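Participant: With the sequence up front, the predicted model follows.
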Amino acid sequence: MKRILIGTVAVMMTVPCFAAGENVLTSKPYVDDAVSTRQDKIPAANPSNTNLGETVMTYTGTEGEIGERELFTGGTYDATNDADKLITASALKSAFTLPETQTTKLVCANPGTCDLWTITEQTAYGRIDLMSIMGMSRGTNYAYLSNIGGNSNNADTYGLTQNGTWVVDYGNGKRIRGKSQCSSQAGDHNDYTWTNPTISSTLQDASGTYCYCQLDGYTTNGDNWGNMTALSAPWVFGEDFSDFGASFCASGCAEACAGSLGIDDAGFLAFRRAIFGLAE
């Protein structure tokens, strides 16, 4: 009985390996070589075993090799260590405040038929839609302080103390504020249609006959300079005073910016759209 059992064990130990799905004899070296061509199991974190905490897996230029990018989750930014990191949504939210616009939307009151609708309020995030906020009605008042001082209107009422600043009041607490600047940098308003006006992040100088206007804030609750929401916007070409000279531009550019943005005629509404559409 012992002799038979030992023989059976010997036979079992010498049975050759077969490749999966194939009737081909294989050896241990063959199986080891085949396994070595397979990709290693990806770890739960740190694919490159760099002890960086949680990372994002990335492609590399080498076939079969993966990389990783660290995450910036908040705190003090250090350009030396954080420049190549991916920022998380929570860190982005804490670093930046997206502008909010209160709007409305239509909601179907009887699903399936939808011949009745209700109007509900909603908050939109992102680029500010000043045209919707301020509307297209004529301004109720405006103020300005010329680029060279002296020439002004309602400056004290609206808290203007800096030359070349202006405010347009649309009523019900809605106001915008901005700056004016004359420059020798030529501009185009497309024959007062402002379909593709000259815009510039900076102006080459502050003396000339070309009048530019720039928004820098707005409010919906009647604030002047104290609690206005700051805006980022480029200079937009408004008027050419070449026929009158640089001193005339310096005296009248701020008034031209404010006055044009307060008028509800079709041409000036085009200017309003151009100015408002570039604000962030």
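Facilitator: That came through fine. These numbers come from a predicted model, not from an experiment.

Participant: Got the confidence number for Gly267?
Facilitator: Per-residue pLDDT puts Gly267 at 84.

Participant: Assign it to helix, strand or coil.
Facilitator: helix (DSSP: H, G, I helix; E, B strand; the rest coil).

Participant: Can you tell me who Phe237 pairs with across the strands?
Facilitator: Beta-bridge partners recorded for Phe237 (DSSP bridges): Tyr212.

Participant: give the contact list for it.
Facilitator: Applying Cβ atoms under 8 Å, 6 or more residues apart in numbering, we find Phe237 in contact with Gly187, Asp188, His189, Pro197, Thr198, Ile199, Tyr210, Cys211, Tyr212. Where C-beta positions appear, they are placed from N, C-alpha and C, glycine not excepted.

Participant: what does stretch 244-255 contact?
Facilitator: Here stretch 244-255 has contacts from 144-148, 150-151, 153, 164-166, 180-182, 207-213, 238-239, 241, using Cβ under 8 Å, 6+ apart.

Participant: Could you pull out the strands in the stretch 51-200 of the chain for me?
Facilitator: 55-59, 66-72, 86-87, 100-108, 117-125, 141-145, 152-153, 165-171, 174-183, 199-200 (DSSP state E, counting those that start in this stretch).

Participant: Helix, strand or coil: sort out Asp32 for me.
Facilitator: Asp32 is classified as helix under three-state DSSP.

Participant: From Glu65, how far off is it?
Facilitator: From Asp32 across to Glu65, the span is 21 Å (Cβ to Cβ, to the nearest Å).

Participant: tell me the mean pLDDT for stretch 208-218?
Facilitator: Mean per-residue pLDDT for stretch 208-218: 94.

Participant: Please spell out which residues along that stretch are buried.
Facilitator: Within stretch 208-218, the residues that count as buried by 16 or more other Cβ atoms under 10 Å are Gly208, Thr209, Tyr210, Cys211, Tyr212, Cys213, Gln214, Leu215, Gly217, Tyr218.

Participant: if we can go back for a sec, determine which two of the contacts of Phe237 are furthest apart.
Facilitator: Ile199 and Cys211 (13.8 Å; Cβ to Cβ).

Participant: Relative to Trp225, which of the contacts of Phe237 is nearest.
Facilitator: Tyr212 (21.1 Å).

Participant: What are the neighbouring residues in contact with the closest one?
Facilitator: Tyr212 sits next to 180-183, 185, 187, 200, 203, 235-238, 253 when contact means Cβ under 8 Å, 6+ apart.

Participant: same check, this time on Met136
Facilitator: Met136 is in contact with Asp264, Leu269, Arg272, counting by Cβ under 8 Å, 6+ apart.

Participant: Kindly report the same for Gly208.
Facilitator: Residues near Gly208 by Cβ under 8 Å, 6+ apart: Cys182, Ser183, Ser184, Gln185, Ala246, Cys249.

Participant: Just to check, the first one is in contact with Tyr210?
Facilitator: Which is Cys182. Yes. Contact criterion Cβ atoms under 8 Å: Cys182 and Tyr210 qualify, at 6.6 Å.

Participant: Show me the common contact partners of these two, please.
Facilitator: Phe241, Cys249.

Participant: ok, back up a step: for PyMOL, write a command that selects the buried ones of the contacts of stretch 244-255.
Facilitator: In PyMOL, a selection of the buried entries from the contacts of stretch 244-255 looks like this (16+ other Cβ under 10 Å):
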select buried, resi 144+145+146+147+151+153+164+165+166+180+181+182+208+209+210+211+212+213+238+239+241
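
Participant: which residues are in contact with stretch 143-152?
Facilitator: Here stretch 143-152 has contacts from 153-155, 157-158, 160-167, 169, 180-182, 206, 247, 249-255, 257-258, using Cβ under 8 Å, 6+ apart.

Participant: Restricted to buried residues, select those residues in PyMOL.
Facilitator: In PyMOL, a selection of the buried entries from the contacts of stretch 143-152 looks like this (16+ other Cβ under 10 Å):
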select buried, resi 153+154+155+158+160+163+164+165+166+167+169+180+181+182+249+250+251+252+253+254+255+257+258
